[in-house]
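Asker: sequence and computational prediction follow.
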Amino acid sequence: MSGDGDPDGAGEHRVELAWRDGREETLAVGADETVLEAAEAAGVALPFGCRTGACATCTARLLSGDLVHRRPPRALKDRHRERGYVLTCIAAPMTDCRLDVGADVADDLVSNPWK
């Protein structure tokens, strides 16, 4: 991931979404869209909460490609970002990408002793 800031506006990128149950979808994400916005426009349901990068409900993991957060991802610690976690509500692709998505991805961020 290249970091925080504005996407370069290089046009549309393909973003492959992979759920852990084997389901896959591919989105066309425009230069002015976040991954979450493009998913909603395509009728693809992704988890979300705040839409501002503060709650981590929309956490995904970048498997390949390059994304940029449009604002600081307050819900992610540095160690999470270093391991490839991103917030789809504020993430815009810089290249074609593949993401691990779904409600269970956010569970990876914090160990749950009750599981």
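Answerer: Cool, the structure landed. No experiment lies behind these values; they were computed from the predicted model shown.

Asker: any weak-confidence spans in the chain?
Answerer: 1-10, 111-115 (pLDDT under 70).

Asker: tell me the centre residue of it?
Answerer: Thr88 (3.1 Å; C-alpha atoms, centre = their mean).

Asker: so that one sits against Ala45, correct?
Answerer: No - if you go by C-beta atoms under 8 Å, Thr88 and Ala45 don't touch, sitting 11.7 Å apart. C-beta: built from backbone N, CA, C; applies to glycine.

Asker: host element of the closest residue to Ala75 other than its chain neighbours?
Answerer: Setting aside the residues directly before and after it, Ala75 is nearest to Ala56 in space (C-beta to C-beta, 6 or more residues apart in numbering), at 3.7 Å. Assessed by DSSP states H and E, Ala56 sits outside every helix and strand.

Asker: show me what contacts Ala56?
Answerer: Gly49, Ala75, Leu76, Leu87, Ala106, Leu109 (C-beta atoms under 8 Å, 6 or more residues apart in numbering).

Asker: list the buried residues for stretch 88-98?
Answerer: Buried residues in stretch 88-98, counting neighbours by 16 or more other C-beta atoms under 10 Å, are found at Thr88, Cys89, Ile90, Ala91, Ala92, Pro93, Met94, Cys97, Arg98.
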